[in-house]
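*Asks:* Below is the sequence, then the predicted model.
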Amino acid sequence: MKLIEDMADQKKHVEAIDLRDVQNDEAQHRIRLSKVGIINLEYPVTIKRSERETDAILKAKMSVDLPEKQKGAHMSRFVEKFEDNFRLPQETMSVENLAKELAMQQLKLHEYAKNALVELKTKRDYKKKVYELSGIYDTRTSLMMVGVKVVGAIACPCSIEITKGLSHNQRATISLELGGSNIEINAEELVEICEKSFSAPVKLTLKRPGERDLVERMHDNPMFVEDVVRKCVHNLKSKFKGKYCRVKCVSQESIHPFDVFAEWSGKL
């Protein structure tokens with residue numbers, strides 16, 4: 001009996017050694033890290049807004065800051081709340097509200113962290129086209145951001161000038177993030193503003209008359225990426241004055257082996 005008890009005590013001692021929390025050891029190099037976490041976690045949700053209900057797969061990026069003394073973050077803590085509430089799909093009113101909820105959870109779970117950042121992305125359909133929707137919450141700034149990524153078409157003003165009417169055309173993308181400490185934003189309204197900022201919107205299908213009309217529309221409204229960003233910011237200011245915003249346009253150049261971009265950020 002004594003032998004069995006000794007063996008049991010020895011096993012507990014071994015388990016205690018094996019289960020030592022190495023993450024709490026002191027770091028060899030005392031350097032604070034601004035972001036440590038997980039990326040590319042995919043998770044099913046149902047987004048329930050008043051106008052419609054949508055099933056979606058979110059791609060999550062979650063991080064906290066790490067003090068200079070702490071060897072490592074507890075990576076399992078980023079996902080354990082998902083398992084605790086393992087209802088698939090999970091329901092939420094919006095991706096930005098879910099991002100805030102998860103960010104506040106991370107601060108509680110990672111007691112050594114001062115800041116947490118959660119970014120959630122998914123794809124949604126609108127008027128027979130797909131756009132990227134994102135929700136971001138940063139506990140450091142208390143900013144809740146709604147983001148969209150929208151594709152459009154632009155024609156080059158410089159080409160039209162030097163050829164007297166001809167132009168190379170390209171597909172362009174606007175990435176827009178808009179937010180504040182307390183927001184209620186319809187993402188599809190942001191999609192509309194983005195589409196109106198291009199030379200013309202893209203179309204899923206075009207018959208010959210529609211293609212002619214679209215090309216003519218592009219050439220009647222040529223734009224640099226700088227023009228696209230400025231027009232987008234101008235249109236946003238009329239509806240979202242005072243909100244923090246980031247707008248970036250990238251053009252996939254058709255006559256160059258590189259892309260071009262323009263970007264603006266600040267208060268509208």
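*Replies:* Cool, the structure landed.

*Asks:* Test my guess that Arg49 contacts Thr92.
*Replies:* No. Counting by Cβ atoms under 8 Å, Arg49 does not reach Thr92; the two are 9.8 Å apart. Just so you know, the C-beta spots here come from the backbone N, C-alpha and C atoms, and that holds for glycine as well.

*Asks:* okay, those two: which has more neighbours?
*Replies:* Comparing Arg49 with Thr92 by other Cβ atoms under 10 Å, the one with more neighbours is Thr92, at 20 against 12.

*Asks:* what residues are up against that one?
*Replies:* 45-48, 98, 101 (Cβ atoms under 8 Å, 6 or more residues apart in numbering).

*Asks:* Flag the least confident of these.
*Replies:* Least confident of those in the model: Lys48, at 84.

*Asks:* count of residues packed around that residue?
*Replies:* With other Cβ under 10 Å as criterion, Lys48 counts 12.

*Asks:* Now it. Its backbone dihedrals?
*Replies:* Dihedral pair for Lys48: phi -110, psi 100, per degrees, to the nearest 10.

*Asks:* Beta-bridge partners for it, please?
*Replies:* In this structure, Lys48 bridges to Glu53 when assessed by DSSP bridges.

*Asks:* mind listing the strands for the stretch 151-268 of the chain?
*Replies:* Secondary structure of the stretch 151-268 of the chain by DSSP state E, counting those that start in this stretch: the strands cover 169-180, 200-201, 244-251, 260-267.

*Asks:* in the stretch 51-200 of the chain, which segments are predicted with low confidence?
*Replies:* Applying pLDDT under 70 to the stretch 51-200 of the chain picks out residues 81-89, 182-183.

*Asks:* all helices of it, in order?
*Replies:* Secondary structure of the stretch 51-200 of the chain (DSSP state H, counting those that start in this stretch): helices at 77-84, 95-109, 157-163, 187-195.

*Asks:* Among the contacts of Thr92, which one sits closest to Lys164?
*Replies:* Ranked by distance to Lys164 (Cβ to Cβ), the contacts of Thr92 are led by Ile47 at 49.4 Å.

*Asks:* quick check: mean pLDDT across stretch 250-262?
*Replies:* In this model, stretch 250-262 has a mean pLDDT of 93.

*Asks:* Using the record's assignment, carve this protein into domains.
*Replies:* Following automatic domain parsing, one gets these domains for the chain: 23-121, 141-268.

*Asks:* What's the local residue count around Asp259?
*Replies:* For Asp259, the count of nearby residues is 13 (other Cβ under 10 Å).

*Asks:* rewinding a little: in ChimeraX, select just the buried ones from the contacts of Thr92.
*Replies:* Buried members of the contacts of Thr92, defined by 16 or more other Cβ atoms under 10 Å, are picked up in ChimeraX with:
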select :45,47,98
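
*Asks:* Columns distance to His256 on top of the contacts of Thr92, output as CSV?
*Replies:* Output for those, formatted as CSV (distance: Cβ to Cβ, whole Å):
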residue, distance to His256
Val45, 40
Thr46, 43
Ile47, 39
Lys48, 45
Leu98, 40
Glu101, 44
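
*Asks:* between the contacts of Thr92, which is closest to Leu214?
*Replies:* Lowest distance from Leu214 to the contacts of Thr92 (Cβ to Cβ) belongs to Ile47, with 31.5 Å.

*Asks:* Would you check how far apart the closest one and Ala187 are?
*Replies:* Per Cβ to Cβ, to the nearest Å, Ile47 is found 10 Å from Ala187.
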